[in-house]
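[1] Following is a predicted model, sequence given first.
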Amino acid sequence: MTTPTQMLTISTANATDNSGDTGWNAAYATEQAVINGTLGVYHGYFEINGVTGSGTAGHGIRINDTVGATHTITFSNDAGPYHVHNVEIEGPGYAYGSLAIDGINYNSIVENSKGFHVSYCYIHEIPRNAITTGLTVGTDWTDPGMTIENNFIERTGGVGIAYPAVHGQPIQVAFNTVDKYTIFRNNTFKNCRGSAAIAFLGGASADHSYSRIYNNLFYFTITSGTYIHLLRITELI
């Protein structure tokens, strides 16, 4: 069990944190920790941290969805916060199946959740959205609702080719359509398909306010069958 001042952290073995532990062997820090399957977390104050890795290489933890029946990571049913750092998140395939499968799916059901933080992750081969989230309500820029930064997001949204109704976007802000103090910075989006690279959905019922989006890179190395807007907001009120 955790409290608001005590976060449960799962991290890969590393010399900085573990070299003083009885029985430590430097070899423990040389291999990537791999979860072949999916990860579901249903209570807040949780962090998964691979410690090393950026761009497309060197991540200490890899979650490899070999089944394709649900989201690769699911966070739900609590206010958070949830943190994901230095993790390779690989879905079942860019154009896999016919389901709306995401890399990270965070459906908070508690208003005023905040502190959702994803950084230095490599998120790829995802049928729909790399990240789907919402209802993250911060109080100011030092206490944001969510921060998505320094991630490499590649090959997402391909399920929409055969199933247009399941089309996605690399980042979708939509759940319960309330978010405040949202930061998207220093991310790379490569060969992603969908209605937008970053989509704020919900129409007139949404309250998307105080968002900072800067220093992100969007590009394609393929040209056939691709389409994407950089930013989509369904309605301004």
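    The structure has been received and is ready for your questions.
[2] On the three-state scheme, residue 28 is what?
    helix (DSSP: H, G, I helix; E, B strand; the rest coil).
[3] can you tell me which residues contact it?
    13, 18 (Cβ atoms under 8 Å, 6 or more residues apart in numbering). In short, each C-beta sits where N, CA and C put it, glycine included.
[4] How much space separates it from residue 189?
    According to Cβ to Cβ, to the nearest Å, residue 28 stands 34 Å off from residue 189.
[5] just the helices in this structure please.
    15-18, 159-162 (DSSP state H).
[6] which one of those lies closest to residue 144?
    For these, proximity to residue 144 was assessed by Cβ to Cβ; helix 15-18 is nearest, at 26.2 Å.
[7] Give me the residue ranges of this structure where confidence is low.
    1-5, 77-78, 109-112, 176, 223-237 (pLDDT under 70).
[8] returning to that earlier point: among the helices of the chain, which is the most enclosed?
    Stretch with highest mean neighbour count among the helices of the chain: helix 159-162 (a mean of 18; mean count of other Cβ atoms under 10 Å).
[9] contacts for that helix?
    Under Cβ under 8 Å, 6+ apart, the answer for helix 159-162 is 95-101, 127-128, 166-168, 193-194, 225.
[10] What is the nearest of these to residue 212?
    The closest of the contacts of helix 159-162, once distances to residue 212 are taken by Cβ to Cβ, is residue 194, at 21.7 Å.
[11] Do I have it right that residue 55 meets residue 122?
    Yes: Residue 55 is within contact range of residue 122, at 6.9 Å (criterion: Cβ atoms under 8 Å).
[12] more neighbours, those two?
    Taking other Cβ atoms under 10 Å, residue 55 and residue 122 do not tie; residue 122 has more neighbours (24 against 12).
[13] Thought residue 91 was touching the more buried one, still the case?
    No: taking Cβ under 8 Å as the definition, residue 122 is not a contact partner of residue 91, at 11.6 Å.
[14] So for residue 55 and residue 122, which residues contact both of them?
    residue 152.
[15] how about residue 186, what does it touch?
    Per Cβ under 8 Å, 6+ apart, neighbours of residue 186: 149-150, 215-216.
[16] got these as a markdown table, with distance to residue 82 columns?
    What follows is these, written out as a markdown table (distance: Cβ to Cβ, whole Å):
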| residue | distance to residue 82 |
| --- | --- |
| 149 | 15 |
| 150 | 17 |
| 215 | 24 |
| 216 | 22 |
